[in-house]
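**Q** Please find the sequence and the predicted model below.
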There are 2 protein chains.
Amino acid sequence: MPEYVLHNYFRSTTSLRVRVALNLKGLDYEYVSYALLDKDHKSAAYLKLNPQGLVPALEIKDAAVLTQSMAILEYLDEEHPEPPLLPRDALGRARVRALSQIIAVDIHPINNLRILQYLETEFGADGAAKKAWFQEWAHAGMAALETRLANEPETGKFCHGDSPTMADICLYAQMFNNERFDMDMDAYPTILEIYHQCGQMKAFKDAEPLQQPDAPNQ
Amino acid sequence: MPEYVLHNYFRSTTSLRVRVALNLKGLDYEYVSYALLDKDHKSAAYLKLNPQGLVPALEIKDAAVLTQSMAILEYLDEEHPEPPLLPRDALGRARVRALSQIIAVDIHPINNLRILQYLETEFGADGAAKKAWFQEWAHAGMAALETRLANEPETGKFCHGDSPTMADICLYAQMFNNERFDMDMDAYPTILEIYHQCGQMKAFKDAEPLQQPDAPNQ
């Protein structure tokens, strides 16, 4: 039996991040699915695991339940150092964490399901208004990320050098959201190249939403 | 001359976090202010430092510019390990990072100035609607945080044990926002106790908005 249980959902962006990290580290895990639209993640049983009622949570059997995808990535990298998700030098780590957080802090949380639902119910936002909202914050973050990736010498085949880090995991996961909201990515060639590079790796491909057991049949 | 230059704003919550960390580590820094309402942080000069156009940025003279407050905290903790902002054990670090991110990922970015401005211009949100928006996400996060802090044995005088960590820094900074938006905190006695505990320390007090050189006269 695997040591880890991942409580997650196929379409959840933050769940996708953790799946990529587990795959990169070669860690086996049990997959437990929570249908967000059915509010499975608000059940009493799940709230006991994670009082915040958000996926993902990574359960370490008989030990602990970890929450918050970025904290989980740091933990996995500390406990299973190879291959590393962060560079060896402190400035490099600061850069990778900052690039990650452009997405994980300043794009994704603002465009989460609960936010879009609130815009609809409280402000009467229709599909077009929700798409405009998504694109506003996603373009702001993607433009800053592209500027940095295109101009900073640390960028390689991936966001930082030639092997994937936390930043690539965030970038890759965000792209599935961008696609759902019809983001025009033409202005971001460096991001697209890195996305393509990630997509060559089985660890990333296997973590994609439609590869998961709870995804609808194609 | 100090090694660090903090590009920030007295009222910025994420700037406050970095000021506390610098103070706790006993690091001197030069203070450069950007009046957010005047869009100082969107100037060409600042965008060259930080293409994202958000404060804070921590400049290390002749070396690098660090962005994203949580990445900056991690950097400061790595380069200046005493006193530590994270516990020694991996599970403890995962807990502190997760508690931090409940605030830094799932409350603060959604309630930032740029978001509230968008709600006003695009959805006609008035003061009451913006307050309701703020409180929706702040209460969701604070309730989860209170549940964890009140029930998990790792909680001490501070969020994790008896000395301040990254999580206390996030909690303390968020309280100033909560106050501005009239959050009723009665349901969160553990959070209030920890906030009070932080307020006993000069490193926290000195970082408060109204103690900064760019704050309006009292």
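**A** It's in. Note that this is a predicted model, so its numbers are computed, not measured.
**Q** Please read off the pLDDT at A:Pro35 from the model.
**A** One thing to correct before we go on: residue A:35 is Ala, not Pro. Looking at A:Ala35, its pLDDT is 92.
**Q** Around it, how many other residues sit close by?
**A** Close neighbours of A:Ala35, defined as other Cβ atoms under 10 Å in any protein chain shown, add up to 12. From N, CA and C alone the C-beta is placed, and that goes for glycine too.
**Q** now A:Arg114
**A** 16.
**Q** if I've got this straight, it is in a strand?
**A** No - when DSSP: H, G, I helix; E, B strand; the rest coil is applied, A:Arg114 is found to be helix, with no strand at that position.
**Q** contacting residues around it?
**A** Counting by Cβ atoms under 8 Å, 6 or more residues apart in numbering or on different chains, A:Arg114 touches no other residue.
**Q** now swap in A:Glu122 and tell me
**A** Residues in contact with A:Glu122, defined by Cβ under 8 Å, 6+ apart, are B:Ala129, B:Ala132, B:Trp133.
**Q** how near is it to B:Ala144?
**A** 21 Å (Cβ to Cβ, to the nearest Å).
**Q** again with A:Asn50
**A** Computed as Cβ to Cβ, the A:Asn50 to B:Ala144 distance reads 8 Å.
**Q** Scan chain A for its longest helix.
**A** helix A:127-151 (DSSP state H).
**Q** got the buried residues for that one?
**A** Under the neighbour-count criterion of 16 or more other Cβ atoms under 10 Å in any protein chain shown, helix A:127-151 has A:129-131, A:133-149 buried.
**Q** Repeat that for stretch A:192-204.
**A** Of the residues in stretch A:192-204, A:Ile194, A:Tyr195, A:Gln197, A:Cys198, A:Met201, A:Ala203, A:Phe204 count as buried by neighbour count, 16+ other Cβ under 10 Å.
**Q** Go back to the residues you listed and keep what's next to chain B.
**A** With Cβ under 8 Å from any Cβ of the partner chain as the criterion, these include none near chain B.
**Q** returning to that earlier point: could you look up the next helix or strand downstream of the longest helix of chain A?
**A** helix A:166-180 (DSSP states H and E).
**Q** now that next one: mean pLDDT?
**A** Average pLDDT, helix A:166-180: 98.
**Q** and if you look at stretch A:96-116?
**A** Taken as a whole, stretch A:96-116 carries a mean pLDDT of 97.
**Q** Please measure how far the first residue of it sits from its last one.
**A** Stretch A:96-116 stretches 28 Å from its first residue to its last (Cα to Cα, to the nearest Å).
**Q** and the gap between the residue lying farthest from the centre of chain A and A:Lys130?
**A** Among residues of chain A, the one most distant from the C-alpha centroid is A:Gly124; the distance is 28.1 Å, by Cα atoms, centre = their mean. Going from A:Gly124 to A:Lys130 by Cβ to Cβ gives 11 Å.
**Q** try A:Ser33
**A** From A:Ser33 across to A:Lys130, the span is 25 Å (Cβ to Cβ).
**Q** What of A:Ala187?
**A** According to Cβ to Cβ, A:Ala187 stands 22 Å off from A:Lys130.
**Q** try A:Met166
**A** In this view, A:Met166 and A:Lys130 are 28 Å apart by Cβ to Cβ.
**Q** contacting residues around the nearest residue to A:Asp40 once chain neighbours are set aside?
**A** Of all residues not flanking A:Asp40 in the chain, A:Tyr34 sits nearest, at 3.8 Å (Cβ to Cβ, 6 or more residues apart in numbering or on different chains). Contacts of A:Tyr34 were listed using Cβ under 8 Å, 6+ apart, and they are A:His7, A:Asn8, A:Tyr9, A:Asp40, A:His41, A:Tyr46, A:Val55.
**Q** The third one: how many residues sit nearby?
**A** Translated: A:Tyr9. 24.
**Q** can you check the first one too?
**A** Burial of A:His7, expressed as a neighbour count using other Cβ under 10 Å, amounts to 23.
**Q** so what's the nearest residue to it once chain neighbours are set aside scoring on pLDDT?
**A** Excluding its sequence neighbours, the residue lying closest to A:His7 (Cβ to Cβ, 6+ apart) is A:Ala57, at 4.4 Å. Looking at A:Ala57, its pLDDT reads 98.
**Q** can you check A:Gly26 too?
**A** pLDDT at A:Gly26 comes out at 98.
**Q** quick one: secondary structure of it?
**A** Relying on three-state DSSP, one would call A:Gly26 coil.
**Q** What separation is there between it and chain B?
**A** Using Cβ to the nearest Cβ, to the nearest Å, A:Gly26 is found at 18 Å from chain B.
**Q** what's the answer for A:Asn178, then?
**A** A:Asn178 is 17 Å from chain B, by Cβ to the nearest Cβ.
**Q** Report the contact partners of that residue.
**A** A:Ala138, A:Met142, A:Met185.
**Q** Likewise for A:Leu49?
**A** By Cβ under 8 Å, 6+ apart, the residues touching A:Leu49 are A:His7, A:Ala57, A:Glu59, A:Val65.
**Q** Likewise for A:Ser33?
**A** Counting by Cβ under 8 Å, 6+ apart, A:Ser33 touches A:Asn8, A:Tyr9, A:Phe10, A:Asp40, A:Gln212, A:Pro213, A:Asp214.
**Q** Can you name the residues bridging to it?
**A** Beta-bridge pairing for A:Ser33 (DSSP bridges): A:Asn8.
**Q** mind checking how far it is from A:Val18?
**A** From A:Ser33 to A:Val18 the distance is 14 Å (Cβ to Cβ).
**Q** same thing with A:Arg180?
**A** 19 Å.
**Q** the more surrounded of those two?
**A** Set A:Arg180 next to A:Val18 and count neighbours by other Cβ under 10 Å: A:Val18 wins out with 28 against 14.
**Q** ok but that one is inside a helix, no?
**A** Yes - applying three-state DSSP, one finds A:Val18 inside a helix.
**Q** residues touching it, list them.
**A** Contact partners of A:Val18, counting by Cβ under 8 Å, 6+ apart, are A:Leu6, A:Asn8, A:Pro56, A:Leu58, A:Ser69, A:Ile72, A:Leu73, A:Leu76.
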